[in-house]
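Enquirer: predicted model and sequence follow; I will ask about them next.
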Amino acid sequence: MKYAIIIPDGAADEPLAELGGKTPLEAAHTPNMDRVAAEGRLGLARTVPEGFESGSDVATMTLLGYDPAVYHTGRAPLEAAAQKIPLDPTDWVFRCNLVTTVGGLMKDHSAGGISNPEARQLLVDLAEVMREPGFEIYQGVSYRNLLVYRGRQDFDLKTKPPHEIPEESIDRWLPTGTGSDILRRIMDLSRSLFANHEVNRARLERGLNQATQVWLWGQGHAPNMPAFRERFGVATGCMITGVDLLRGLAVLLGWDVREVEGMTSFHDTNYAGQGKATAAMLDKYDLVLSHIEAPDEASHQADVKTKIAAIEHIDLFVVGPVLDKLRTYPEWRIMVLPDHPTNIATRKHGYAPTPFAMAGTGIGAGGQKAYSETSAAAGGLKIERGHELMEFFLRGR
Ligand SMILES: [Zn+2]
């Protein structure tokens, strides 16, 4: 059996007045996702369990079949796995976002989707002046970077994801708890260093959001997850994604990670290249997971036009070619689902259960015609414990 999973990150949403009461998924032209829906089954899965913050770390872990209540230690350690940063059990990892604050408000959690070379310049300069012992900065992709702590200080912290506080006062959401004074010092230091930094002066000239400081959050120790092969008996897996979080999950699951030229986390990504690569990797692997971040980023910017365009590009350039490729194998299954909703209205991740569509060998048609939040609710399958969805996808009838 060949399995393909396609994750249009944050594609699910709520009905919007500007779309005449439709959701972006309903407004988008998605003939291929609709084919999956029409030939197969639809349903809703709760990918963010009670008590967890809605984010791709928790939601993706859930849909991969791992209960976050058991395996989730924080977001940053998953991204550390992507970078293959060696961690002792007592080491701490923090997400170190480059963000834009204006007048004490969180304007942009991504510092305008800052480029890798610009991010590197800022972080190298920050590392040079940082006097806190035991901390190391690791550059990731764009604004998503990591801070590792190897030392004796214990942390018991409350931190806040910057994408969850758009336009809110940052003072309200600074780290609190044991060790938070150290994190606040590092954030303060970055604020004074980045003010008038040459990278920011150049961004200002080009009308781009400046990286005004680092924002620390998502901390945790290294997680201990059993390999996917041991857990589900699927021998080989491959992850194709533009973001480190998903690469990290793949590493922890024992899957290979395939890069695609021009793949980013934004709408400028190479959709066609990713679709081609996903289809091609099915020849080599039993399961291929293709994750596209663009709809999520568009939602955080409240950019409904780009969100719809991103969904349509995923449908045309990823789902379509992957479906065509799957049909060349005697036995196959496909599943399409966002990890979590990201709501245009709030610019935040939502907590509603995520709509999934699955089709292929042994999965009968459930009677729905299109893929959307509404049809998924009508589709009848309700998976309250979202980590049970994977077992259903792999073996359900
Ligand atoms: Zn997001």
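Expert: Noted; the coordinates are in hand. Numbering: from 1, shown residues only.

Enquirer: contacts for stretch 367-379 next, please.
Expert: 12-14, 23, 25-26, 30, 33-34, 36-38, 41-44, 336, 341, 352, 355-357, 366 (Cβ atoms under 8 Å, 6 or more residues apart in numbering). Heads up, the C-betas are built off the backbone N, CA and C, glycines and all.

Enquirer: which secondary structure element is home to residue 58?
Expert: helix 56-63 (DSSP states H and E).

Enquirer: by contact count, what packs against that helix?
Expert: Packing partners of helix 56-63 (3 or more Cβ pairs under 8 Å, 6 or more residues apart in numbering; DSSP states H and E): strand 2-8, helix 68-71, helix 244-253, helix 389-395.

Enquirer: kindly format the C-alpha coordinates of the last one as PDB.
Expert: Think helix 389-395. Taking C-alpha atoms only, helix 389-395 is exported to PDB below (Å, rounded to 0.1, in the frame of the first residue of the first chain):
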ATOM      1  CA  LEU A 389      -6.900   9.200  13.100                       C
ATOM      2  CA  MET A 390      -3.600   7.800  11.800                       C
ATOM      3  CA  GLU A 391      -4.500   4.200  12.700                       C
ATOM      4  CA  PHE A 392      -7.900   4.700  11.000                       C
ATOM      5  CA  PHE A 393      -6.200   6.100   7.900                       C
ATOM      6  CA  LEU A 394      -3.700   3.300   7.600                       C
ATOM      7  CA  ARG A 395      -6.000   0.400   8.400                       C
END
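
Enquirer: tell me which residues of it come out buried.
Expert: Using 16 or more other Cβ atoms under 10 Å as the test for burial, helix 389-395 gives 389, 390, 392, 393, 394.

Enquirer: distance of the residue nearest to residue 307 when sequence neighbours are not counted relative to residue 391?
Expert: Excluding its sequence neighbours, the residue lying closest to residue 307 (Cβ to Cβ, 6 or more residues apart in numbering) is residue 298, at 4.0 Å. According to Cβ to Cβ, to the nearest Å, residue 298 stands 32 Å off from residue 391.

Enquirer: need the contact list for the residue most central in space within the chain.
Expert: What sits nearest the mean C-alpha location of the chain, by Cα atoms, centre = their mean, is residue 56, with 4.1 Å. Taking Cβ under 8 Å, 6+ apart, we find residue 56 in contact with 9, 243, 245, 246, 296, 339, 340.

Enquirer: most neighbours, which of those?
Expert: In terms of neighbours by other Cβ atoms under 10 Å, those top out with residue 339 at 31 neighbours.

Enquirer: neighbours of the nearest residue to that residue once chain neighbours are set aside, how many?
Expert: Closest residue to residue 339 apart from its sequence neighbours, by Cβ to Cβ, 6+ apart: residue 59 at 3.8 Å. By the criterion of other Cβ under 10 Å, residue 59 has 28 neighbours.

Enquirer: burial of residue 110, as a residue count?
Expert: Residues near residue 110, counting by other Cβ under 10 Å, number 22.

Enquirer: report pLDDT for the closest residue to it other than its chain neighbours.
Expert: Leaving aside its sequence neighbours, residue 110 sits nearest to residue 143 (Cβ to Cβ, 6+ apart; 4.5 Å). Residue 143 is assigned a predicted lDDT (pLDDT) of 95.

Enquirer: now do residue 225
Expert: 94.

Enquirer: and if you look at the one 3 residues further on?
Expert: At residue 228, the predicted lDDT confidence score is 98.

Enquirer: now the nearest residue to it once chain neighbours are set aside: how far from residue 282?
Expert: Leaving aside its sequence neighbours, residue 228 sits nearest to residue 253 (Cβ to Cβ, 6+ apart; 4.1 Å). Going from residue 253 to residue 282 by Cβ to Cβ gives 18 Å.

Enquirer: and the two? Which one has more around it.
Expert: Between residue 253 and residue 282, counted using other Cβ under 10 Å, the more crowded position is residue 253 (24 against 20).

Enquirer: the more buried one contacts residue 232, correct?
Expert: No: between residue 253 and residue 232 there is no contact under Cβ atoms under 8 Å: 9.6 Å.

Enquirer: am I right that residue 365 sits in a strand?
Expert: No: going by DSSP: H, G, I helix; E, B strand; the rest coil, the assignment for residue 365 is coil, not a strand.

Enquirer: who's in contact with it?
Expert: For residue 365, the contact set (Cβ under 8 Å, 6+ apart) comprises 38, 39, 40, 41.

Enquirer: pLDDT value on the second one, please?
Expert: Spelled out, that is residue 39. 97.

Enquirer: got the contact list for it?
Expert: Residue 39 is in contact with 359, 363, 365, counting by Cβ under 8 Å, 6+ apart.

Enquirer: go again using 10 Å as the cut-off
Expert: 323, 334, 357, 358, 359, 360, 363, 364, 365, 366 (Cβ atoms under 10 Å, 6 or more residues apart in numbering).

Enquirer: now stretch 192-201 - C-alpha only, CSV.
Expert: Only the C-alpha atoms of stretch 192-201 are listed here, as CSV (Å, rounded to 0.1, in the frame of the first residue of the first chain):
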residue,chain,number,x,y,z
SER,A,192,18.7,47.7,21.7
LEU,A,193,21.1,46.0,19.4
PHE,A,194,18.6,45.7,16.5
ALA,A,195,17.4,49.3,16.8
ASN,A,196,19.2,51.1,13.9
HIS,A,197,21.0,47.9,12.8
GLU,A,198,22.1,48.0,9.2
VAL,A,199,19.8,45.1,8.3
ASN,A,200,16.9,47.0,9.7
ARG,A,201,17.9,50.3,8.0
